[in-house]
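> Provide a 3D model corresponding to the input given below.
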Amino acid sequence: MDMVIDIEDLNKTFGKKQVLKNINIKIRAGEMVGLIGASGSGKSTLIRSIAGLETMDRTSKHIKIFSKPTQRGDKRTSNYRSLRQDVGIIFQQFNLVGRLSLLTNVLIGRLAHNASWKGVFRLFPRSERVKALEALERVNMVDYAHQRSSTLSGGQQQRGAIARALTQEAKLILADEPIASLDPASSDRVMNLLCDINNQDGTTVVVSLHQFEVATTRCERIIALNDGEIVYDGKASGISNADLVQLYGVEDGVCSLGAERPAPIMKAG
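Sure, this is the predicted structure:
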């Protein structure tokens, strides 16, 4: 299997606060990885660093995407932008342009593959419009294609953001707390879609989640952060109550995994 993410000695400091400490991670193609930890543990900073939205400290070694470096030390590499076109990013707050239609927002996923002026003037070829509509149909949002994004619910907007990543034909999806602002039903729909994209398309998905129950039932692999350090990296089934106590700072028994939790969604074959 190809290596999609390769991080070596990632450190990140804001002011005097070191938020990531000696992070080393390798993620192979087709993995579904849940990134968990309490608020302030460094999850979002790690996602943003992989995406290239944050640069590492000078003491860091490298971040590689698809076996090619995007950052060395505190510098982005020359091929950073070309590699980014295969990385879809889903944010907690959806990041759709409210005054534009949902379809136009989804088509923005094609900008990495086209000249930027096409997006400015909304000149997308018919083939790309078809691709975007197919993506909206897949997330059950095609009936809202011409509706202003600002009029959609949070769950609908997040499904639109997933459709944008599908239209982009992203090989890697980075989702930063994608269900944090959603109700339970909408959260289920969003996580089901991410699992489906991973299972059906073989897309590598890294999703940061505050809800450990969701992570351990939907992701095969868990990476847990505590105060900027990796404290667990392994199968979801290997997480114990003691690990959860350490991560979330609660008394034993409060974070119970429970015997009746849903079975993890496994990849076919």
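> Does residue 247 touch residue 40 like I think?
No - checked against CB atoms under 8 Å, the pair residue 247 and residue 40 is beyond contact range at 11.8 Å. For the C-beta atoms, the positions are set from N, CA and C on the backbone; glycine is no exception.
> And the two? Which one has more around it.
Legend: neighbour count by other CB atoms under 10 Å for residue 247 and residue 40, higher for residue 247 (21 against 14).
> Enumerate every residue touching residue 202.
Residues near residue 202 by CB atoms under 8 Å, 6 or more residues apart in numbering: 29-30.
> Quick check: it vs residue 17, distance?
From residue 202 across to residue 17, the span is 38 Å (CB to CB, to the nearest Å).
> who touches stretch 49-65?
With CB under 8 Å, 6+ apart, stretch 49-65 has contacts from 3-13, 20, 45, 48, 69-76, 80, 83-84, 86-87, 89, 172, 174, 206.
> Now find how far off-centre it is within its chain.
In terms of CA atoms, centre = their mean, to the nearest Å, the centre of stretch 49-65 is set 16 Å apart from its chain centre.
> got it, and stretch 124-139?
Remark: stretch 124-139 is offset 22 Å from the chain centroid, using CA atoms, centre = their mean.
> Going by neighbour count, list what's buried in it.
By 16 or more other CB atoms under 10 Å, the buried positions in stretch 124-139 come out as 124, 128-129, 131-133, 135-136, 138-139.
> ok, these vs residue 110, which is closest?
Distances from residue 110 to those, taken as CB to CB, are shortest for residue 128 (5.0 Å).
> So that closest one belongs to a helix, correct?
Yes - using DSSP: H, G, I helix; E, B strand; the rest coil, the assignment for residue 128 is a helix.
> Please report how far it lies from residue 146.
16 Å.
> Please check the contacts of stretch 49-65 and keep the buried ones.
Among the contacts of stretch 49-65, the ones that count as buried by 16+ other CB under 10 Å are 4-7, 10-12, 20, 45, 48, 69-71, 76, 80, 83-84, 86-87, 89, 172, 174, 206.
> can you tell me which of those residues are in strands?
Here DSSP state E is the test, and those give 4-7, 10-12, 20, 69-71, 76, 87, 89, 172, 174, 206 as lying in strands.
> In the stretch 1-150 of the chain, where is pLDDT below threshold?
Where the stretch 1-150 of the chain drops to pLDDT under 70, the residues are 1, 112-123.
> can you give me the strands in it?
Assigned by DSSP state E, counting those that start in this stretch, the stretch 1-150 of the chain shows strands spanning 3-14, 17-28, 32-36, 62-65, 68-72, 75-76, 87-90.
> now the second one and strand 32-36, what's the angle there?
Between the axes of strand 17-28 and strand 32-36, defined by axes from the mean of the first three to the mean of the last three CA atoms, to 10 degrees, the angle is 160 degrees.
> number of nearby residues for the nearest residue to residue 84 once chain neighbours are set aside?
Among residues not flanking residue 84 along the chain, residue 52 sits closest, at 6.1 Å (CB to CB, 6 or more residues apart in numbering). By the measure other CB under 10 Å, the count of residues near residue 52 is 19.
> what's the answer for the one 3 residues further on, then?
The tally of other residues near residue 55 (other CB under 10 Å) stands at 16.
> now residue 95
When neighbours are defined as other CB under 10 Å, residue 95 has 14 of them.
> What sits closest to it if chain neighbours are left out?
Residue 95 sits nearest to residue 161 (CB to CB, 6+ apart), 6.6 Å away.
> repeat for residue 180
The shortest distance from residue 180 to any non-neighbouring residue, by CB to CB, 6+ apart, is to residue 92 (5.0 Å).
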